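[1] Take a look and give me a structure for this.
(2 chains)
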Amino acid sequence: MIPMSPLDSDDILVGIRDLTVSFRVDRTTTFEAVKGISFDIPANSTVALVGESGSGKSVTALAILGLLPKENSKIGSGSRILYRDRNLLELTQGEMRKLRGCDISMIFQEPMSSLNPVFTVGFQLTEVLTEHAGLTNRLARARAVELLREVGIPEPEAKIDAYPFQLSGGQQQRVMIAMAIACEPKLLIADEPTTALDVTIQKQILDLIADLQKRRRMSVLFITHDLAVVGEIADHVIVMRDGEIREQGPVRQIFEAPRDSYTQALLLCRPQLARRPKRLPVIDDFLDRAPAAAQDVPQRSRGLRGDEQIVLEARHIGKSFWSREGLFGQREFKAVQDVSFKLAMGKTLGLVGESGSGKTTVGLTLMRLHDASSGEVLFDGKDLLSMSPREAMQYKRRIQIVFQNPYSSLNPRFTVGQILMEPMHIHRLGSGEQEHRDMAYALLEKVGLPGASFFKYPHEFSGGQRQRIAIARCLTMKPDVLICDESVSALDVSVQAQVLNLLQDLQDELGMSYIFISHDLAVVKYMADQVMVMNEGKIVEIADSDEIYLRPQHPYTKKLLSSIPRGWRGPGGNGDRL
Amino acid sequence: MIGTATIAAGPGHTESPGLWVLAWRRFRHDWIGLVSLYVTAFFLVLMAASAAGLIAGDWGKEVGVSHAPPGFMGPGATATQPAPRSAGSPDASRGQQKDDSGIADPLADVLVQIRAKAPPGSVDTDVADPLADVLAEIRGRSGSAAAAEARAPTLLFGGDKWGRDVLKKAIKGTETSMFVGLAAAVLAALLGTVFGALAGYYGRWVDDAFNWFYSVFTSIPYLLLILSIAAVLNQKGTVTVILILGLTGWTGIFRLIRAEYMKHKVREYVQAADAIGASNTRRIFVHILPNVSHVVLVQLSLHVVLFIKSEVILSFLGFGVGVDTVSWGSMLNEAQSELLLGNWWQLAAATAAMAVLVTAFGLLTDALRDALDPKLK
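    Numbering: from 1, shown residues only, chains lettered A, B, ... in the order given. Here you go, the predicted model:
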C-alpha cells in the first residue's frame, strides 16, 4: 500500500480505511471488486478517482453512499468509512437515508435515465427540497428556480415546468446537479458526470462543478476514466486499478512526476494533440520495462500530397428522416445535407462532430445500410447508391464497417469461427471448408488473438478483444475501405491505444483507406490524414489534420478545439479555468 | 443451422459453453425445476410407450366387472356399488341380467316384476322366459370364450362402466392429451414465430397486414372461435383438435416475437450482418432467431399447458377427440354420471394425472425462464 499523503485531521471530511467490497458471482465464487483501499477526502477540495472499467471506482462511491446492492455484495469486516467521527458502515438504513441527498449527494453518468421522464423537472426538484429541507411547496418552488439559475439553466422560471425530454443532455445534467446541491451537501460525488456528453457541453459542466465547489466550499469526489478531465478539475488524484490504489497524491505530482508505472502508462497511452508517435505506447510497455521518453519516439507525419488515387468519392449526399405530424402531414428532418468528400487510397479521412451532427448517418449511407435521400457515391467509377441490391452485392464486400459497441455488434450465439467464416460463405471467397478455416486462423493471428479463440463465444472476450474480432470479420472480405464508426470510443484508454495501433498496422500492411468517425478530436488527430468537421448535418470545414488543429478556420472548429480537456497545464494553466 | 456449425473439433481445444450449456448449468441448481423436469420426462416416456403400444395397448378390453372398485378398497366397498354377481343371478340395480359371457337377457326386468307380483305358490310354472331357448343357444356358442374370460371383481385403480381398467385408460388418456397439447403448441409456436418474425422484421405494410389478421382473430371470443372452427371442420378426431388449438392459439406468441424482432433488427449485430451481405432471410432465421429462441421455448412450454387444459375442456364439451379414443376430457365427461353413483375413481385418475403434469410443466416453464434469462431473476 502506498503511504497516505499526510493531511491535517481537522481538514478531513471523509476518511476511507481498509475498504474491501466483494460481490457474489454465483454459489461458489466471489469477486473482490475493492481490495482494502484507504484514502481521505479533505474538506473544500476536489478529489479525483481515476481508473479504467473494473477498477472499483464506482463501487467505492456506492459504498460511501451505502447504495451497494444488499443481495450480492459484502463489505469487509475491517472496513471503515469515517464521516464526522461516525462510521457510515455502522449506521442504520434510516440514518443513512437522512445523510444521503443531504450531507452526501451524487450525480450519475446518464442524466436522461436518472430523471423520471413523467414528471417535470420542477416537481422532481421541489420534491427533494420538501423531503429533506422541509420547505413548503411555495418556498421550495422559489428555491428551485434559484437553483436552476445557479446551475446555469436559461429562463429558469419557464424551464421549471419542462419535462426532462424537453431539455438537452447538458441541461438535464445541470438539473441533476441542481438536485444534488439542493440541500447544500458537504460532499458531492460525481460518477462520470460528463462521459455521456459532447465535448463542448463537457467543458461547461466541468466549469460548473468547479465553480460550485469553490462557491459552496464543499468537497467533490470526481470519478472518471479520463485523466485529461482530472487535470482540469482535481486537487488530489487517486489512481485505481483492479480494486487497488496504484498511486495517490496532489494533481501536480501525478501529472509531472508520476511514480507508478500504471499512472505513467495512462498518461501516455492517450493520443495527444501535440505529438503523433508512430505507435502509441500501451500499458505493457510500461509494466515490463522503462519506457523511452515521449520525445524520443519516432513521429508519424500525416496529410495528403494531393496526387493520391481516389478510392471513393461522395457527391452531395443528403439524408432526411420524416416524422408524421397531424393526420396527413409529415415533417422533414435533414440529418445530412450536401456532404461531398474524396477518400484517398491508403489514407484516413477523419470525421468529427458532436452527437446529432450526422456523422454516423454518413457512414451508414456509404454502406447502403440505409437509403440516401439524394447524392451519389462513386466507387470504381460507379454510383453505389443507385444500384440494385443485386448489383451492389459485389461492392458490399469492399466497403466494411466496424461499429462502436463491441458488446452488441457480434452475434452472441455464434462462435468466433462462425463469425469469421460467415462472410466467406456469403461471398464465396476461397474454396471449401478447410481454406475458410485456415483463413480464419490466419486473421485471428493477424489481429493478435490466440487460435483457441476460434471455438469461443463473444461473451468470453473483453471489449478490446471483441473489437479485434469485429475488425477480423471485416478483414475476411479484404475490403478497400474500412469505416470505423466510433470504433474505439467504448474502450478503456489502454485498450484504445492497442486497437488504434492495430488499425494503423493493418493500414500500413494492407493499404486500406479508412473513414474514421469519432467525437474524440485527439483520437482523430492521431489517426487521420484529413479531417472533416460536421455540425448539424453539414460539413463546416475539411482540411489536413495538422492544418485543422493548428489553424482552424471555422468558428465551430475553434470552439470544438478549445473545449478539449488538456489535462494539467501547471498552476497557472489550471487557475484560469474559471 | 449455420453451415459452419459442423466444424470438426480441432485437436486439443476445449469446447466453449454456449448459451444452452450455461442455461443448463444454472438450471441444474434449481431443484424445483429439476423435479418438474423429471415428472414431465416421466409423462413423456409414458406417452411414448403408450403410443408404441408397449403399455396400455389393451385399454379397451373389458377386464373387470362394471364399475369395479379400486383394489385397495375391496369389492363392494361403496353402498351404491353393485355387489359382484354370481352367474345368472338378477342384477337389481342395473336391471339387466348378465352372466360371464356378457350377454344380457333383455326380458330379465320384466320377468322379475312379473314374478314378484305372482302369488308365492305359482312360481316358475306360469311365467316362463320366452327368450330362454335363444339365450341358451347363444351362450352355448360363445361358451368357451366366456369361460376363459373371468371378470375381476376389483381392479388396481377401479374400472369404468364397461369394466375397463381406469389406470390404463388414464395412461391412454395421457397419450392423447399430451400429444394434442404438444403438437398444438408446436403448431401455434411455429405460426406465431414465423408471422411475428416477418411482421417485426419487415415492418411497414407487412406488419400492418399481419396485425389486421391478428386483430380479426383476437376480436372473436376465444371459446366461440374454437367452437365455430370445430363446427366448420365437423369431424371429430385428434388431428382436428390439434388444428383447432394451433390455429387459434398463435396470437400471443405472435405479439411477443414481433416485439422481439422489432427490438433486435436495429441491433448492431444485425446491421453488421447486413454489412457483410447477409440476406434478409439469413438475418431473420440465422442471426436473430437464435437470439429470441429462448422466448419461443418458454412460450412453447406455456402453451403446452394451456392446450392440454383446452383439450380437456373441448373433449368434456363433446367437441374433442372421437368416441373411439380416450382423453382426460372424455374421462371427465364419463365421470359426471359415475359420480352420481359414488364412483369417484375415474374422475380422480384423470384429474390427478392432469394436475400433476400441468403443475410440473408450469414449474418447468418458470425454471426454464429463470435459467435462460438470468438478468430478470
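
[2] Please count neighbours and contacts with C-alpha atoms only from this point.
    Will do.

[3] Could you tell me which residues of the stretch 201-350 of chain B lie near chain A?
    B:267-272, B:274-278, B:287, B:290-291 (Cα under 8 Å from any Cα of the partner chain).

[4] Just among those, which is most surrounded?
    residue B:276 (26 neighbours; other Cα atoms under 10 Å in any protein chain shown).

[5] how close does residue A:559 sit to chain B?
    Distance, residue A:559 to chain B, by Cα to the nearest Cα, to the nearest Å: 32 Å.

[6] Now do the contacts for that residue.
    When contacts are counted by Cα atoms under 8 Å, 6 or more residues apart in numbering or on different chains, residue A:559 touches residue A:200.

[7] in whichever strand or helix holds it, what's buried?
    Assigned by DSSP states H and E, residue A:559 falls within helix A:555-563. Applying a neighbour-count criterion of 16 or more other Cα atoms under 10 Å in any protein chain shown, one finds A:556, A:557, A:560, A:561, A:563 buried in helix A:555-563.

[8] again, but for stretch B:252-268
    B:252-262, B:264-265, B:267-268.

[9] Residue A:191 is in contact with residue A:110, correct?
    No - look at residue A:110 against residue A:191 with Cα atoms under 8 Å: they stay out of range, at 9.6 Å.

[10] Pick out whichever of these two has more residues nearby.
    residue A:191 (22 against 19).

[11] backbone phi and psi for that one, please?
    phi -100, psi 100 (degrees, to the nearest 10).

[12] Could you report the distance from it to chain B?
    To chain B, residue A:191 is 24 Å away according to Cα to the nearest Cα.

[13] ok, now which ones touch that residue?
    Applying Cα under 8 Å, 6+ apart to residue A:191 gives the contacts A:58, A:61, A:106, A:107, A:108, A:109, A:222, A:223, A:224.

[14] go with 7 Å
    Shown in contact with residue A:191 (Cα atoms under 7 Å, 6 or more residues apart in numbering or on different chains): A:58, A:107, A:108, A:109, A:222, A:223, A:224.

[15] would the first one count as being in a helix?
    Read that as residue A:58. Yes - assessed by DSSP: H, G, I helix; E, B strand; the rest coil, residue A:58 belongs to a helix.

[16] Identify the residues contacting it.
    Residue A:58 touches residue A:191, counting by Cα under 7 Å, 6+ apart.

[17] change it to 10 Å
    Applying Cα atoms under 10 Å, 6 or more residues apart in numbering or on different chains, we find residue A:58 in contact with A:33, A:34, A:49, A:50, A:51, A:64, A:189, A:190, A:191, A:192, A:223, A:224.

[18] And for the fifth one?
    By Cα under 10 Å, 6+ apart, the contact list for residue A:222 reads A:46-50, A:57, A:61, A:107, A:188-193, A:209, A:229-230, A:233-234, A:237.

[19] Next, work out how far apart it and residue B:47 are.
    65 Å (Cα to Cα, to the nearest Å).

[20] Excluding sequence neighbours, find me the nearest residue to residue A:195.
    The shortest distance from residue A:195 to any residue other than its chain neighbours is 6.5 Å, reached at residue A:109 (Cα to Cα, 6 or more residues apart in numbering or on different chains).

[21] If you could redo that for residue B:268, that was the one I meant.
    In space, residue B:268 is closest to residue A:409, 4.5 Å off (Cα to Cα, 6+ apart).

[22] Count the neighbours of residue A:322 for me.
    If you count neighbours by other Cα under 10 Å, residue A:322 ends up with 11.

[23] mind checking the SS state of the nearest residue to it once chain neighbours are set aside?
    Closest residue to residue A:322 apart from its sequence neighbours, by Cα to Cα, 6+ apart: residue A:332 at 4.7 Å. The assignment at residue A:332 comes out as strand when based on three-state DSSP.

[24] For residue A:332, give me its contacts.
    Taking Cα under 10 Å, 6+ apart, we find residue A:332 in contact with A:319, A:320, A:321, A:322, A:323, A:324, A:325.

[25] which secondary structure elements does the helix or strand that contains residue A:361 contact?
    Using DSSP H and E, residue A:361 sits within helix A:359-366. Contact here means 3 or more Cα pairs under 10 Å, 6 or more residues apart in numbering or on different chains; DSSP states H and E; on that basis helix A:359-366 packs against strand A:310-325, strand A:329-344, strand A:348-352, strand A:374-379, strand A:399-402, strand A:481-485, strand A:513-518, strand A:530-535.

[26] repeat that with 8 Å
    If you count contacts as 3 or more Cα pairs under 8 Å, 6 or more residues apart in numbering or on different chains; DSSP states H and E, helix A:359-366 packs onto strand A:329-344, strand A:481-485, strand A:513-518.

[27] now that helix: mean pLDDT?
    Averaged over helix A:359-366, pLDDT sits at 85.

[28] got it, and stretch B:21-38?
    Mean pLDDT, stretch B:21-38: 82.

[29] Buried ones in that stretch, by neighbour count?
    Under 16+ other Cα under 10 Å, the buried positions of stretch B:21-38 are B:23, B:26, B:27, B:30, B:32, B:33, B:34, B:36, B:37.

[30] residues in contact with the first one?
    With Cα under 8 Å, 6+ apart as the criterion, the residues that contact residue B:23 are B:371, B:372.

[31] same check, this time on the second one
    When the contact criterion is Cα under 8 Å, 6+ apart, the partners of residue B:26 are residue B:371.

[32] Give me the below-cutoff pLDDT ranges for chain B.
    B:1-19, B:56-57, B:60, B:63-108, B:111, B:115-129, B:135-158, B:161, B:322-323, B:373-377 (pLDDT under 70).

[33] Where does it get nearest to chain A, residue-wise?
    Closest to chain A within chain B is residue B:269: 3.9 Å, counting by Cα to the nearest Cα.

[34] now the residues of the stretch 201-350 of chain B next to chain A as a markdown table including secondary structure?
    Listed next are those as a markdown table, based on three-state DSSP:
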| residue | secondary structure |
| --- | --- |
| B:267 | coil |
| B:268 | helix |
| B:269 | helix |
| B:270 | helix |
| B:271 | helix |
| B:272 | helix |
| B:274 | helix |
| B:275 | helix |
| B:276 | coil |
| B:277 | coil |
| B:278 | coil |
| B:287 | helix |
| B:290 | helix |
| B:291 | helix |
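
[35] In three-state terms, label residue A:248 for me.
    Applying three-state DSSP: residue A:248 is strand.

[36] Bridge partners for the nearest residue to it once chain neighbours are set aside, pull those for me.
    What sits nearest to residue A:248 in space, not counting adjacent residues and going by Cα to Cα, 6+ apart, is residue A:238, at 4.3 Å. Listed by DSSP bridges, the beta-bridge partners for residue A:238 are residue A:49, residue A:248.

[37] what's near enough to touch the residue nearest to residue A:195?
    Residue A:109 neighbours (Cα under 8 Å, 6+ apart): A:191, A:192, A:193, A:194, A:195, A:196.

[38] quick one: pLDDT of the fourth one?
    As summarised for this prediction, residue A:194 has a pLDDT of 80.

[39] how much space between it and residue A:325?
    34 Å.

[40] if we can go back for a sec, am I right that the residue nearest to residue A:248 is in contact with residue A:245?
    Yes - using Cα under 8 Å, residue A:238 is in contact with residue A:245, at 6.8 Å.
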